[in-house]
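**Q** Test case, fold it:
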Amino acid sequence: MKNMIVIFTILLMFSTDNLVNAKKLPEPKEIKPYAEDRYVTPEDIVLDIIFPAIDKRVIKEYGDGLFSWQSQRIVGIVYNNNHSYDVSVRLQVPDERNVPGNYAQDLVRVRVSPSCDSPKIGCSHGFKVEVLEYKHESK
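**A** Purely as a prediction, here's the structure:
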């Protein structure tokens, strides 16, 4: 009787095609770090950190409809005795006439304060990025 049940079960499995079909999964592709495909400079990293603060200030200076401003370059970085950095960045902002190729040059000074809580070096503050100065240099 047991033999009949086993044989019947095997026949039932073959007839309903309920066998397990194990397939070998393809090998996962190698995941490359993004930096291998792109050259990143320290200037790129600093600009990524301060970009949101500068973007808010450019919108405040020129209005909400301005989307095509761009940073030209960092013109200076100064270390302060309060464990912060002042970063000066030159910007190109389209002039009010929106003539292609016509840009105003502005200079923005941003203070970056990395988070610090150390009695040894005398600082106690969180990470902060603030715009200190915004100058319209030329139009």
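**Q** Break down the protein into its helices, ranges please.
**A** Along the chain, the segments classed as helices by DSSP state H run 2-16, 34-37, 42-62.
**Q** Need the residues that contact the longest one.
**A** Yep, that's helix 42-62 we're talking about. Helix 42-62 has contacts (Cβ atoms under 8 Å, 6 or more residues apart in numbering) with 66, 69, 71, 73-74, 77, 87, 89, 91, 93, 106, 108, 110, 112, 129-131, 134, 136. Every C-beta, even on glycine, is put in place using the N, C-alpha and C of the backbone.
**Q** Are any of the residues you listed buried, and if so which?
**A** Buried residues within these, counting neighbours by 16 or more other Cβ atoms under 10 Å: 69, 71, 74, 87, 89, 91, 93, 106, 108, 110, 112, 129, 131, 134.
**Q** in the chain, which ranges drop under the pLDDT threshold?
**A** Filtered on pLDDT under 70, the chain yields the residue ranges 11-22, 28, 31-37, 65-67, 96-101, 138-139.
**Q** Centre-most residue in it?
**A** Residue closest to the average C-alpha location in the chain (Cα atoms, centre = their mean): Asp48, at 6.2 Å.
**Q** That one and Cys123, how far apart?
**A** Per Cβ to Cβ, to the nearest Å, Asp48 is found 23 Å from Cys123.
**Q** Which stretches in this protein count as strands?
**A** For the chain, the strands defined by DSSP state E cover 70-79, 85-94, 103-113, 116-118, 123-125, 128-138.
**Q** Could you point out which of these sits nearest Thr9?
**A** Thr9 lies closest, by Cβ to Cβ, to one member of the strands of the chain: strand 116-118, at 68.5 Å.
**Q** what's in contact with that closest one?
**A** Under the criterion Cβ under 8 Å, 6+ apart, residues His83, Cys123, Ser124, His125 lie in contact with strand 116-118.
**Q** try it again with 10 Å
**A** Residues outside strand 116-118 that contact it (Cβ atoms under 10 Å, 6 or more residues apart in numbering): Asn82, His83, Ser84, Gly122, Cys123, Ser124, His125, Gly126, Phe127.
**Q** Now for the fifth one: which residues touch it?
**A** Neighbour list for Cys123: Asn81, Asn82, His83, Ser84, Ser113, Pro114, Ser115, Cys116, Asp117 [criterion: Cβ under 10 Å, 6+ apart].
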